[in-house]
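# this is a predicted model, with the sequence first.
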Amino acid sequence: MSVPDSITKILSVAMIIPVGRVATYGQIADLAGLPGRARLVSKALKKADHDMSIPWHRILRSDGKIAFAANSEQAQEQKQRLLSEGVAISGYRITLKQYQWQPELHDLLHRLKY
DNA sequence: TTTGTGACCGTAA
DNA sequence: ATTACGGCCACAA
């Protein structure tokens, strides 16, 4: 499978994360059928920045922290976006585990028709 | 061709 | 809680 195709798949999965919920880079990779390729997810998001259909701010590291360097412009904007959606954040880490996007995604994935 | 660099991750101290 | 390490691998130098 080509890298561009993988990117496309990753983005198609990323864009279905519900408002007010979050997912990790690794989860997105898994759901895109690319286990172990979390880094490719970050790369995909970077390539797709400015694409308003992709909720990049809802993607966090596996430990619940925002991936950007603390205090960076991007980290602060991401935090604001999450807060505005009602996601609780303390410092740069989500507070409540219940925000984890424990997929009811079989349905969501089904709609993607890979 | 080799090397360094990431919006990463799981495990083990 | 934090650090270290080995995996991961596309991409640029």
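Arrived safely, thanks for sending.
# write out the residues of chain A neighbouring DNA strand C.
Contacts of chain A with DNA strand C, taken as CB under 7 Å from any atom of the strand, map to A:3, A:36-40, A:43. Yep, even glycine has a C-beta here, placed from its N, CA and C like the rest.
# of these, buried ones?
A:37-38, A:40 (16 or more other CB atoms under 10 Å).
# list the ones among those that fall in helices.
Here DSSP state H is the test, and these give A:38, A:40 as lying in helices.
# need the buried ones among the residues of chain A next to DNA strand C in a markdown table with pLDDT, can you?
Formatted as a markdown table, those follow (pLDDT from 0 to 100):
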| residue | pLDDT |
| --- | --- |
| A:R37 | 97 |
| A:A38 | 97 |
| A:L40 | 98 |
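# which of the buried ones among the residues of chain A next to DNA strand C lies closest to DNA strand B?
Comparing these against DNA strand B with CB to the nearest atom of the strand places A:A38 closest, at 3.3 Å.
# who's in contact with the closest residue to A:V19 other than its chain neighbours?
Of all residues not flanking A:V19 in the chain, A:E85 sits nearest, at 5.5 Å (CB to CB, 6 or more residues apart in numbering). Residues in contact with A:E85 (CB atoms under 8 Å, 6 or more residues apart in numbering) are A:19-20, A:58.
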